[in-house]
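Visitor: What follows is a predicted structure for the sequence shown.
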Amino acid sequence: MTTSRRGVLTATLGLSALAVGGLTACSSGAGSQNTRTTAPAGGAATPASQAPTGGGTSATPTGGGTTPSSPVAGALAKTADVPVGGGKILTAERMVLTQPSAGQFVGLSGICPHQGCMVSSLRGASIVCGCHGSQFGLDGAVQRGPSNKPLEKVNVKVDGDSIVKA
């Protein structure tokens, strides 16, 4: 039996497609929150397909509501998940939550105003966009360009031990 080059290539491509499909099916896509603190392996973030809509307004550091053990509808994160002097990137929500000082939580758009890329990491007290290197403070202010506009603020509040949109 002789095998043509075309037959071998077709079989190889078919098996490759099955392998990729199998890996995709086995991957964990359940988590909507990205807690990555370093840039992606490729070093560049991908542009966000849609920027969030609505006006940016300042965060509201308030507390109280439910007991810490009760689940909160619409919770973005637990207060314990956002370190003091740091933050947490919420990829699915295209947001960043920060805690510049103890008990003060700030919600920010995760979309870099320079060219619409999703921010990719937190380095110390800086939010970094991997597309072109813009850096923002925990309050969203520009620390380093090329962006000359801050990250938009998103109203958030504390409800029990959870952070929710205000």
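Guide: Done, it's in. Numbers count the residues shown, from 1 in each chain.
Visitor: how about the helices of the protein, start to end?
Guide: Secondary structure of the chain, counting by DSSP state H: helices at 5-26.
Visitor: For it, which segments count as strands?
Guide: Applying DSSP state E to the chain gives strands spanning 75-78, 86-90, 95-101, 104-109, 121-123, 126-128, 135-136, 142-144, 153-154, 156-159, 162-165.
Visitor: contacts for the last one?
Guide: In other words, strand 162-165. Outside of strand 162-165, the residues within contact range by CB atoms under 8 Å, 6 or more residues apart in numbering are 72, 74-79, 82, 97, 105, 107, 154-158. C-beta: built from backbone N, CA, C; applies to glycine.
Visitor: Same check on the longest one?
Guide: Contact with strand 95-101 is made by 52, 76-77, 79, 82-90, 105-110, 119, 122, 125, 127, 138-139, 151, 154, 156, 163, as judged by CB under 8 Å, 6+ apart.
Visitor: buried set for that strand?
Guide: 95-100 (16 or more other CB atoms under 10 Å).
Visitor: Need the residues you listed in TSV (columns: pLDDT and distance to Cys131).
Guide: Shown next, in TSV, are the buried residues of strand 95-101 (pLDDT from 0 to 100; distance: CB to CB, whole Å):
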residue	pLDDT	distance to Cys131
Met95	97	17
Val96	98	15
Leu97	98	21
Thr98	98	20
Gln99	97	25
Pro100	97	24
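Visitor: For Pro146, state which of those is nearest.
Guide: The shortest gap between Pro146 and any of these belongs to Val96, at 18.8 Å (CB to CB).
Visitor: what's the neighbour count on the closest residue to that closest one other than its chain neighbours?
Guide: Distances taken as CB to CB, 6 or more residues apart in numbering put Leu108 closest to Val96, at 4.6 Å, once the chain neighbours are dropped. Leu108 has 26 neighbours, counted by other CB atoms under 10 Å.
Visitor: so what's Leu108 bridging to?
Guide: Note on Leu108: beta-bridge partners by DSSP bridges are Val96, Lys153.
Visitor: cool, and Gly86?
Guide: Assigned bridge partners for Gly86, using DSSP bridges, are Gln99.
Visitor: Touching, it and Ile127? I think so.
Guide: No. Contact criterion CB atoms under 8 Å: Gly86 and Ile127 do not qualify, at 9.8 Å.
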